[in-house]
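*Asks:* sharing a model that was predicted from the sequence below.
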Amino acid sequence: MTTSLPALRHALPRDHAAVVAAVQTWWTDRSPAEMRELSLLLPKLFLQFFSRTSLVCEEEGAVRAFLVGLHPPDAPDEAYIHFVGVDPALRGRGAGRELYEAFFRGAVAEGRTVVRAVTSPSNARSIAFHRAMGFGIEPGDAVGPGGVSVHTDYDGPGLDRVCFLRRLDGGPGLIR
């Protein structure tokens, strides 16, 4: 038996409160203070100015998954996925894949040929998901947990990140 996924649509500024509430409740492996800190990565400006490139899965008026992404004006061939969340009750049903594929289609329609994303070196689930979605890991300057290449201090002192790149035009990729 297949279960259909919630309806997918472009994000709207009015979704901001629901997205922040999701971040403050869905990351159950973190303390409430850590979840609040994580939600600070999503100021309302992302849904005000990048609503056309951000997506929401909605079911019965509730946000069940979201992707905040953008097409940077300073890199006209690139797209960037900033933040993604899926309700724990919906995980494993393809919602993340659906969000990414819809974002890829939108990027291609706008002439973008590369998608970038970053994650924490300790987020093994995110690293595995990005690899499964066809992203390569950009070589960094250190090796992190599990032997993954890491960019040290990427987001500031002590804030190392794994940097991903996926080509949308069939061009050569990176480390898989």
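*Replies:* Cool, the structure landed.
*Asks:* within the helices and strands, which one has Trp36?
*Replies:* Check again: residue 36 is Arg, not Trp. Taking DSSP states H and E as the definition, one finds Arg36 inside helix 32-39.
*Asks:* buried residues in that helix?
*Replies:* Residues of helix 32-39 classed as buried by neighbour count (16 or more other C-beta atoms under 10 Å): Met35, Leu38, Ser39. Quick note: C-beta positions are derived from backbone N, CA and C, even for glycine.
*Asks:* who's in contact with the last one?
*Replies:* Ser39 is in contact with Val20, Val23, Gln24, counting by C-beta atoms under 8 Å, 6 or more residues apart in numbering.
*Asks:* go through this protein and flag its longest helix.
*Replies:* Using DSSP state H, we find that the single longest helix of the chain is helix 95-109.
*Asks:* using PDB, write out every CA atom in the helix or strand just after it.
*Replies:* Stepping forward along the backbone from helix 95-109, the first helix or strand reached (DSSP H and E) is strand 114-119. Taking only C-alpha atoms (Å, rounded to 0.1, in the frame of the first residue of the first chain), the coordinates of strand 114-119 have been written out as PDB:
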ATOM      1  CA  VAL A 114      24.800  23.300 -10.300                       C
ATOM      2  CA  VAL A 115      23.200  22.900  -6.900                       C
ATOM      3  CA  ARG A 116      25.200  23.400  -3.700                       C
ATOM      4  CA  ALA A 117      24.400  22.500  -0.100                       C
ATOM      5  CA  VAL A 118      26.200  22.200   3.200                       C
ATOM      6  CA  THR A 119      25.700  20.100   6.400                       C
END
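*Asks:* follow-up on the earlier one: quick one: distance of the helix holding Arg36 to the chain centre.
*Replies:* Between the mean C-alpha point of helix 32-39 and the mean C-alpha point of its chain there is a distance of 17 Å (C-alpha atoms, centre = their mean, to the nearest Å).
*Asks:* how about the strands in this protein?
*Replies:* In the chain, the strands defined using DSSP state E lie at 7-10, 55-59, 62-70, 78-86, 114-119, 136-137, 142-143, 149-150, 162-167.
*Asks:* a markdown table for the ones you listed, including mean pLDDT, mean neighbour count and distance to Gln48?
*Replies:* Putting those into a markdown table (pLDDT from 0 to 100; neighbours: other C-beta atoms under 10 Å; distance: least, C-beta to C-beta, whole Å) gives the following:
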| stretch | mean pLDDT | mean neighbour count | distance to Gln48 |
| --- | --- | --- | --- |
| strand 7-10 | 95 | 14 | 13 |
| strand 55-59 | 95 | 21 | 14 |
| strand 62-70 | 97 | 22 | 11 |
| strand 78-86 | 97 | 21 | 14 |
| strand 114-119 | 97 | 20 | 21 |
| strand 136-137 | 95 | 18 | 32 |
| strand 142-143 | 96 | 12 | 36 |
| strand 149-150 | 98 | 18 | 32 |
| strand 162-167 | 97 | 20 | 26 |
